[in-house]
Structure formats: C-alpha cells, structure tokens
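Undergrad: from the sequence below, what's the structure:
(chains A, B and C)
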Amino acid sequence: MKKVESKKIEKLKSINWEEFYKTPLNNKLKYFEKNGRLFDMLFSQQLTPEIISNLFATANKIRKIAKAKEGLDWLQTLLSHKRAMLYFVQPSTRTFVSFQSACYILGLKVSEIRSTSTSSEIKGESAEDTIRTFSSYADIIIMRHFEEGMAEKAAWMLNKIKRPISIINGGSGKDQHPTQALLDLYTLDISFAERGGINNKTIVMVGDLLRGRTVRSLSYLLKNYKGVKLIYVSPEYLRIGNEIKVFLKKHKIPFKESADLEKSLKEADAVYMTRIQDEYDINGESKDIDYTKFHLNQKHLKLLKKDAIIMHPLPRRQELDVEIDNDPRAKYWRQERNGMWIRAALIAYLFGIEDKILNI
Amino acid sequence: MKKVESKKIEKLKSINWEEFYKTPLNNKLKYFEKNGRLFDMLFSQQLTPEIISNLFATANKIRKIAKAKEGLDWLQTLLSHKRAMLYFVQPSTRTFVSFQSACYILGLKVSEIRSTSTSSEIKGESAEDTIRTFSSYADIIIMRHFEEGMAEKAAWMLNKIKRPISIINGGSGKDQHPTQALLDLYTLDISFAERGGINNKTIVMVGDLLRGRTVRSLSYLLKNYKGVKLIYVSPEYLRIGNEIKVFLKKHKIPFKESADLEKSLKEADAVYMTRIQDEYDINGESKDIDYTKFHLNQKHLKLLKKDAIIMHPLPRRQELDVEIDNDPRAKYWRQERNGMWIRAALIAYLFGIEDKILNI
Amino acid sequence: MKKVESKKIEKLKSINWEEFYKTPLNNKLKYFEKNGRLFDMLFSQQLTPEIISNLFATANKIRKIAKAKEGLDWLQTLLSHKRAMLYFVQPSTRTFVSFQSACYILGLKVSEIRSTSTSSEIKGESAEDTIRTFSSYADIIIMRHFEEGMAEKAAWMLNKIKRPISIINGGSGKDQHPTQALLDLYTLDISFAERGGINNKTIVMVGDLLRGRTVRSLSYLLKNYKGVKLIYVSPEYLRIGNEIKVFLKKHKIPFKESADLEKSLKEADAVYMTRIQDEYDINGESKDIDYTKFHLNQKHLKLLKKDAIIMHPLPRRQELDVEIDNDPRAKYWRQERNGMWIRAALIAYLFGIEDKILNI
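TA: From the prediction side, this is the model:
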C-alpha cells in the first residue's frame, strides 16, 4: 500500500503543471503531505476529522495560554527561529492581519509583499520564480494571488525542490479559502460546545451562494458531522452550485433551497450571511438582482431562536445591519478573532510543534 | 460625584455618533478614560499637567535605559505580548516610523496598513468595520485617517464593545495631532531644563498659523506653564484662528500678532517654524501669498539670542534653510527623535506599565 | 600618515555635495570608514581582500549556526537592540526580502518604506531630509533609490552629523550594487571550495554587459584572485564598457570578448547569465537586438564541463530556460539564498559584532 502511494507521488512529480492541475483533487491530495501529515494547506478537502479536531484542540489551548503574558511569551519562543512570507497581492485586511497576528503569536518573523508593483514581477519575473525566491528566504509562504490555482502551483513547484517549504492558501480569486472554512467551522464548534456540538444543527446560508466560496467550503466540511441540515437561501440567479448539491446527496446531507429568508430563519441554529460578490460579475449583472430580500436587520431578530447564532465571513455591506452587532447572538466579530487562533494552530501543525502546545 | 460621572458616561454610550461628535469636548473627555486614567489619546485637551509630567519622566527614563543593550533588551520584554496596528492611510513618514520604533522599543509586534487599496475598504467595507476588525487582532490601534474625526469615532465605537482597546490619534486631516504637541512640549522642556523650564519663556510661532495644527495644539498646552509669552508671526491671510485667541485671553496668556519676523526673533527663547499647509488650499490660494518673509535663513541667526532654540515639526520646505542645521540652536532633528521617546512613554502609559519603567 | 588621512577627511567634510560627488572614488573611500573599518557599504571598491575573507568566514559561520533552533535564537540576540530602516523606493523583491531576512537573523527590528507616495516626500520633503529623519529612529539604513548617487549622498550627509549611522547601498538605478557583487563572489567561493577556490577559473559572462551592473561589480572584485580568465559574451550593441577593459588591463586580468555563446561555454568554469536591462533603454532600442543567441537552454548543457556552475543574479526572463533549474550545475537559487547569509555577515560587520560570531 505504501509503495503504491509513493509510486503515485513519483508519477505526480514527473508530469507537467497543466496535467497536474487537471488531475482530480482526490488523486493528488497525497502530493501535499509529508510523513503522513499535511505539508501544504490548499483545499478544505484536505481537512479530515482527525486534523480538524487536532486543530480545534490546539487553537483552544493557544487561546487559553495567550491570556497571560507569560503564556504569550512562551508561545512566541516556539517558532522564533522561523520566517514567514505573507504574499498577498489581492486586497485583504482581515485574512492578512489575522495570519500576521497568528505568526506573531508563535514568534515567527514576518515579511510581506502586498503589491506586485513593488516586486520584481514588474521586471517580467514569473509568479513561479517570485515564489521560489521567497522560498529562498522564508520557511513558510502564506499567499493570496489574483491568479486562480496559483497557491496550488506554488506548492506543486516547491514540493519538487531540495528545500521545500509549506504553502498556505489564503484564498485566491474564486479558489478555495480553506482557513476561512476552518474558522467558520471552529466558530460553530465553540458556539455549540454546550449543546452537543455541530451535530444535528440546522444551518441557514444566505446570499450569494453561487459565488461565495466560504459557503461552498463550509458545506463540504459539514459532511464530517451527523444530522446536520442545510437551508440555502438566495436569489434565483445566485443559487448554490450543482456540484455542491451532488456532494450533499452523495453524503446524504439533507438540504433545501429557498428564496424566503424569514421562513428559513425560524428553523436556524446558525445563520450564515454572505455579501453579494459583485467583483466576480461579468457584465454588472448584480445590479439587476434585488438583494434586499436577503438583508438581515433588526426586525428579523425576533424570528430567530434564542440560542441561534449569526455568522458572517465579513466584510459586510448592507446585507447585515450594524444594529445587529449588539445582539448577543451576533458572533461574527468573535468569528473573526477565531480566525487568528485557528490560523496559529494551523501554522503550529504545519511546523509539527502542535504537541508542544497540547502537552503543556 | 463618581455616580454622576458614571451616569454621564452611560448617557454618552447611548447616543448616536452624530450626537456624540457634536458634544462639547469637555463634556466627553471622561468617555475616553478607564479607572481614572487615559484610555484613548485623541485630543491635547486630555493632557493634564499630571499626565504630562508623568509622560516626560517616563520618556526621560526610557531614553536613559535605552542607551545600553541590556536596557533596550529589558524594555522590549515589557510589552512583548502585545500587538499594535498602525493604520496610516494618509501619507506620513516620521509619525509612522516614530510610532513603529516606539512600539519596537517596548517589544510590541506591529502590523501596518498604509493604503486603503490593499485593505477591504476597497470591497465596500466601512472604515468603522475595518477598525473593529483591527481590534479583533491587535491590542492598540495607532491611526491617521483622511476623514476628520475618524480617530474619535474609532474610540467612540470601541469603548462600547466587550473587548475595547486603546486608540492613539496619529493626526488626521486638519484634526488634532496630540502626540506632535507632546513632543514639541517635551523638546521645550528638555531644552530649557537648566533654565527653569518652560515657565517665563517667549515663544515665537511662525508661518501658516491658520491651518497648522501643531501650533494650535501647542498653544493650548502652554496654559499649563506660568509667565509664557506668545508671538504669532504670519502673513495676514494665515493668522492664528480666533478660537485660540479666545482661549489665550481666558487663560490670561499674553500674546501678540506680528508680520515682522526679524523684530520678533530678537525676543524669542524658542522659534517654532512651520510650513505653509497648501494641501488644505481650496483654490490654490497659497500661491498668492508671499511666504518668503517668513523664511528663516542664516542671516537671521545673528538676531537670535545665544541660548534660543529653533524648532520645526518637519517636513520643511524653503521656510527653514538647511544651512541652519549646523547651528547649535537648531533642535528640530532632536525634536524629531524626542517624538519616538515620548510616544514610547505614551504607549507604556496606556498599557499601565509606566511604573515598571519609572521604578527600575 | 594618520594625520594626513584625518586632514583629508576634514577637507572632505567641508566641501559641498557637488564637489564631493565629483571627487574620484579612491580619494574619498576613507570618508566612509570609522576607526579603520567600513562604516558605510556603498561601492564594491571598498571591499578589500581582508574584508571579503572576513565576510565570507562570518557568513559561513552564520549559515552553520542557523541550522539549529538554538543557534538562530542566539544569533537573534546579537542585534536585538537595533532597528533597521529598509528604504526601497525602487521595485525589488529579492534584495528587499533578503536584507529583511538578514536583519531578522540577527534580531534587528525592521521598518520599511516601499513607496514615496506613503512618505512625506509627497509633501515636498527632500530625499535628504527623509533620510535624516530615518536616522532619528533607526540604527542603520539599507536603501535603494531611483536617484543615482542617493546612497552615497545619504552617507555623505549622515557622516557629518552627531549621531551618524551606517548606510548600505541596496543598488540604486544604474549605480553599483555591492552586496550583489558580494553574493556572486561568495557563491563562486563556495562552489569552488574543493577545487582551489576562485583562482585560475574561467568565468563567462553573458548578456547585457553594457548596462548590467552586476557584471561590472563582479569584474572589479575578481582582481583579488590569481589566474582568473574572463570571457564576455554579448550582442555587439551591449558589449562590456571601456572602463572595465581599462581596469582589467591595468590589473593584468586576461579577458576576451565574443558573440559566440556555444564556443565560450566549453571553456567555462562558471557561466554568469544576465537579463537584458531594457528598463534603461532610451528609445526602446532593446527591441532591435536579437537576444535569443544569448539565451541558455537545455541544448547547451552538454557543452558545459561537468563541474561548471551556472549563475544568474535573477530575476530572469527567457535568457535562462526554467528547464535548467533541475540541472545540478544550476546554482542560481542557492546564489539567491547566499545573498541572505552574506548580507547578515555584512550587517554584523558594520555593527562590529562579527567577532562574537566567529569566536563562538
């Protein structure tokens, strides 16, 4: 069995990028592992129940340790000898700062490139060469790039060189954004900790389900729980993609689609709001959609269960009224901060030091 | 008394931003305190004589400790567990780098956002949400924003949430720039240390007094000293604003206005030069002003007292000849470096650790 | 003798910038020293054989120490009390990140300015004032500026003030780029370590030899070795400059020029490839040059000696085929990483702490 795996990986190393890229995800996941552990974090499909529960436990522990100065000072010694490159050439505030803070918590030194105009790409360097250059100086690359598949390409390339380093996909273009999925799941997990966890909960996802990658990634990850029900609430034009429905049916996860926000809210244990992703419009088509029916505001709060939670990946626009911020069920600011903890856990995991944290 | 205060603050918490913003400054200063100490540093009016002398003592001590490697290494342990967000979306070199260096001196880890184009504001996020996001990851926000009142708004908002963090106003638009006022005052204090301090000194302020916020803030702070005389030297069109004159009269601080630089220089213990602030022109009106009469150059040096000092908040243009840099009375480069020390003192104060420094 | 030197330096301090700039390099090198050691690193002419061998030894030691966590943690204590300003207002990835990483290795805190648009230069501040401002906060400035001679000007100015700090030239415009020359030489030194070092090797330099500053700087430094032969391979229009030929003749270094890449490759111990520097075109003249004859690709590999090495300062375009990356003779990625080590050695040297590293 092990021999077969290693033969497969050798084959993957020999094919060119176009072939590799076309290879079905399940057939290449092993390529992004080393010694039976994740080496690169690119796709939410890499997140097995074991890894997820390891990361949640680590994040919980980091959060607890970090409450005291001595704790944080200790955490900062763990990876004080490592350097991270944050290569974010697509606009981002929260993902960028959240990763940077996660690095600081573990003591990593951070370099950042926020624009291709200050980098050598302006002199005609390929993105691959730029990334390989980072690998000459850094011990991990966390990246968000405008070119689809670029994080995978970076990992594909670096896994073939003598001094490979880990890549974390910080969410590129319409690509996956696996650490967002992780923090969403972590927020559900924490929020339902005293109510039996995520199992048997009804999750209502609202908004631009066609193009919102967070909704897709989270849907995939929910297969790891039992009795979860999903309600997808969106305008007709922005309904959840077919590949998700196929996936849910395959895994026997019950779901329904609706255009009626108010009715759906009544059933929700968690409401996951999303912004209209008009940056992916081809012809400004978002303007013709009446999105106001998918706006959550104070009048909806009375429809919600008392212990329901409200989430949003942020940034928000009008779809989530700021007045809701004061409602105790609003968890999106906490969700944001959870991102920092879970990313710190992920970085610890990728450097193989999570046991030091878990065992202290 | 204490009950009355806390009732007032409860009321301030309940009103909306527009109402809060219109509230007279004196009625809301307490809102930016916690446990009888400054929590946010927004206005020079917050700087009482007690706080000022505390900050000066702390800055002096930090400056002294930092001379030795062991000292700096020790200072860096004090806030090694804290993270600062430097949110500077208006151009700035010295204020930015000075704050960053102040953070480094105390061991804080620093994240920086220098442009709204790399942040989520480009996706339609409000500045408030962006700032609240920073508060999810950082322990203090130091900010300069193009929108007037934004630092106050940030502090107003964050003081209402469960995990409030301090805001330092790094000087926004025509707003106040309280740490510049502090460093100016600190430079006067150090320079006159062996001549009885700031009391009884004559300070000549020169240039664009209408729009230069440093001149305004410094004028306000001088009420804390005795026997100070002020001479405001400017073109007719750029005379000091009326609200300052009202303030000076109220506090019985003698002042005069003049258009004659040479005559005024003879009386000066300190000359505070300022640049024409043409970025606040509405119709390029600065071009019609003959500013050359308010330029200081070598020929003026002989008019100055031997122990007078020359200050400038920098950056400068032609109003302060580079030839003057070599004159021992030129203190503006030292003034700049003082900014780093006093900002470190302020940060130490806001985190409540200044006693550790003062008592070592 | 010493008196004569110090008199010369006094004279250099008294002349203005234009005169200083015109002074022949050899007559002013001492100006950039303190206590018989380099204080600023501006020109490859400053690199004597003694300094070079000191830097190589230090870099080797740092590289070795950095392999273990304890080693890196120790290195980071050496300059933990120092702050570096990275002032890079010309696009750069590798030089910037490489210097930043070098700073991190030694524990320096780093501030960065990557664009004049976020700095006070936008308010009309002179570059000199901006640099002097950095010197108020930082302990060393590493800079790349679009204005020729700016690094020298910065060092010229700062050496006259009370609190001078070191300047490292990170390669400005068509200026020298001495740390690139150093890392190239260091790569040659390491690669030939078991074959008698750089002495008696034949080095083939290929491409835009007219405008490539790395080729020029490296040529100068090779005078420190015996029996080296140089072959310059380029299009007619991009031949090596006359000043280099004069220099080589003066130092009796044999060289030839050629337009025949294939023939030259056979003789090479090292092939140094370079990119066409079309950013220095005046009228797009590069478009008329057939550069393809100076492209290295797989078909050339069989012409090369088995133990030859292939170098490139990067970034590359078509002149160096990515297929070559897998050839064991390709050393350019290692060359890049060597830049980080040699820069760390240089910084250690400029702060006078290299002995702590060498003696451990």
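
Undergrad: buried residues in stretch A:156-171?
TA: By neighbour count on 16 or more other C-beta atoms under 10 Å in any protein chain shown, the buried set for stretch A:156-171 is A:156-159, A:165-171. C-betas here are computed from N, CA, C, even on glycine.

Undergrad: pick the one among those residues closest to chain C.
TA: residue A:157 (9.6 Å; C-beta to the nearest C-beta).

Undergrad: quick check: closest non-adjacent residue to the closest one.
TA: residue A:128 (5.7 Å; C-beta to C-beta, 6 or more residues apart in numbering or on different chains).

Undergrad: which helix or which strand is home to that neighbour?
TA: Following DSSP states H and E, one finds residue A:128 within helix A:127-137.

Undergrad: counting contacts, what elements does that helix pack onto?
TA: Helices and strands touching helix A:127-137, by 3 or more C-beta pairs under 8 Å, 6 or more residues apart in numbering or on different chains; DSSP states H and E, are strand A:83-88, strand A:109-113, strand A:140-144, helix A:150-158, helix C:94-105, helix C:332-350.

Undergrad: quick one: mean pLDDT for it?
TA: Taken as a whole, helix A:127-137 has a mean pLDDT of 95.

Undergrad: for the stretch 101-250 of chain A, which residues are neighbours of chain B?
TA: A:101, A:104, A:114-115 (C-beta under 8 Å from any C-beta of the partner chain).

Undergrad: how about those in CSV, adding pLDDT, neighbour count and distance to chain C?
TA: Below are those laid out as CSV (pLDDT from 0 to 100; neighbours: other C-beta atoms under 10 Å in any protein chain shown; distance: C-beta to the nearest C-beta, whole Å):
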residue, pLDDT, neighbour count, distance to chain C
A:101, 98, 25, 17
A:104, 98, 26, 13
A:114, 89, 24, 9
A:115, 82, 18, 8
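
Undergrad: tell me the two of the residues you listed that are most distant?
TA: A:104 and A:115 (21.8 Å; C-beta to C-beta).

Undergrad: TSV for the residues of the stretch 101-250 of chain A next to chain B, including distance to residue B:195?
TA: Formatted as TSV, these follow (distance: C-beta to C-beta, whole Å):
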residue	distance to residue B:195
A:101	47
A:104	45
A:114	49
A:115	50
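
Undergrad: end-to-end on stretch A:232-239?
TA: 8 Å (C-alpha to C-alpha, to the nearest Å).

Undergrad: whoops, stretch A:31-49 was the one
TA: 19 Å.

Undergrad: any idea which helix or strand carries residue A:205?
TA: strand A:202-206.

Undergrad: next, the angle strand A:202-206 makes with the next helix or strand after that strand.
TA: Under the assignment DSSP H and E, the closest C-terminal helix or strand after strand A:202-206 is helix A:213-221. The directions of helix A:213-221 and strand A:202-206 differ by 160 degrees, with axes from the mean of the first three to the mean of the last three C-alpha atoms, to 10 degrees as the criterion.

Undergrad: buried set for helix A:213-221?
TA: A:213-221.

Undergrad: before we move on, what about stretch A:283-297?
TA: Result for stretch A:283-297 [16+ other C-beta under 10 Å]: buried residues A:286, A:289, A:291, A:294-296.

Undergrad: tell me which other helices or strands the strand holding residue A:205 touches.
TA: Short answer (3+ C-beta pairs under 8 Å, 6+ apart): strand A:202-206 packs on helix A:213-221, strand A:229-233, helix A:261-265, strand A:270-273.

Undergrad: show me what counts as buried in that strand.
TA: Buried, per 16+ other C-beta under 10 Å, within strand A:202-206: A:202-206.

Undergrad: stretch A:262-279 too?
TA: A:264-265, A:267-278.

Undergrad: with only the CA atoms kept, save that stretch in CSV.
TA: The C-alpha trace of stretch A:262-279 is given here as CSV (Å, rounded to 0.1, in the frame of the first residue of the first chain):
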residue,chain,number,x,y,z
GLU,A,262,-38.0,34.9,7.1
LYS,A,263,-39.4,31.5,7.0
SER,A,264,-35.9,29.9,6.9
LEU,A,265,-34.7,31.9,9.9
LYS,A,266,-37.2,30.3,12.2
GLU,A,267,-35.6,26.9,11.7
ALA,A,268,-32.0,28.1,12.1
ASP,A,269,-29.5,27.2,14.7
ALA,A,270,-27.0,29.2,12.8
VAL,A,271,-27.5,31.8,10.1
TYR,A,272,-24.5,32.3,7.8
MET,A,273,-24.9,35.6,6.0
THR,A,274,-22.9,36.5,2.9
ARG,A,275,-22.2,39.6,0.8
ILE,A,276,-23.0,39.8,-2.9
GLN,A,277,-19.8,39.0,-4.7
ASP,A,278,-20.1,41.6,-7.4
GLU,A,279,-16.4,41.7,-8.0
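
Undergrad: run the chain-centre distance for that stretch.
TA: 18 Å (C-alpha atoms, centre = their mean, to the nearest Å).

Undergrad: give me the buried positions along stretch A:304-314.
TA: A:304, A:308-314.

Undergrad: kindly report the residues of the stretch 251-360 of chain A close to chain B.
TA: A:275, A:279, A:314-317, A:322, A:333, A:336-337, A:340.

Undergrad: out of the residues you listed, who has the most neighbours?
TA: Per-residue neighbour counts (other C-beta atoms under 10 Å in any protein chain shown) across these peak at residue A:340, which has 26 neighbours.

Undergrad: from chain C, how far off is that one?
TA: Per C-beta to the nearest C-beta, to the nearest Å, residue A:340 is found 22 Å from chain C.

Undergrad: now swap in residue A:268 and tell me
TA: Taken as C-beta to the nearest C-beta, the span from residue A:268 to chain C is 44 Å.

Undergrad: and if you look at residue A:144?
TA: Residue A:144 is 16 Å from chain C, by C-beta to the nearest C-beta.

Undergrad: and residue A:37, by the same measure?
TA: Applying C-beta to the nearest C-beta to residue A:37 and chain C gives a distance of 19 Å.

Undergrad: that residue: how many residues sit nearby?
TA: 11.

Undergrad: tell me the confidence at it?
TA: 96.

Undergrad: equivalent analysis for residue A:196, please.
TA: 95.

Undergrad: next: residue A:288.
TA: pLDDT, read off for residue A:288, is 86.

Undergrad: just the buried residues of stretch A:283-297 now: which is nearest chain C?
TA: Distances from chain C to the buried residues of stretch A:283-297, taken by C-beta to the nearest C-beta, are shortest for residue A:286, at 31.7 Å.

Undergrad: how about the residue of the stretch 201-350 of chain A at minimum distance from chain B, what does it touch?
TA: Minimum separation of the stretch 201-350 of chain A from chain B (C-beta to the nearest C-beta) falls at residue A:315, amounting to 3.6 Å. Going by C-beta atoms under 8 Å, 6 or more residues apart in numbering or on different chains, residue A:315 touches A:93-94, A:275, B:120, B:123-125, B:129-130.

Undergrad: which of the residues you listed are buried? Put it as a ChimeraX command.
TA: Burial among the contacts of residue A:315 is assessed by 16+ other C-beta under 10 Å; the matching ChimeraX selection reads:
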select /A:93,94,275 /B:120,123,125,129,130
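
Undergrad: may I see the contacts of residue A:315 organised as a markdown table, with distance to residue C:248 added?
TA: As requested, the contacts of residue A:315 are exported to a markdown table (distance: C-beta to C-beta, whole Å):
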| residue | distance to residue C:248 |
| --- | --- |
| A:93 | 54 |
| A:94 | 57 |
| A:275 | 64 |
| B:120 | 56 |
| B:123 | 57 |
| B:124 | 61 |
| B:125 | 60 |
| B:129 | 63 |
| B:130 | 58 |
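
Undergrad: tell me the one among the contacts of residue A:315 nearest to residue C:18.
TA: For the contacts of residue A:315, the nearest to residue C:18 is residue A:93 (46.3 Å; C-beta to C-beta).

Undergrad: so the closest one sits against residue B:112, correct?
TA: No. With contacts counted by C-beta atoms under 8 Å, residue A:93 stays clear of residue B:112, the gap being 11.7 Å.

Undergrad: quick one: low-confidence parts of chain A?
TA: A:1-2, A:118-122 (pLDDT under 70).

Undergrad: could you tell me which residues of it lie near chain C?
TA: Counting by C-beta under 8 Å from any C-beta, the residues of chain A close to chain C are A:77, A:80-81, A:83, A:85, A:109, A:111, A:113, A:117-125, A:128-130, A:132-134, A:136-138, A:161.
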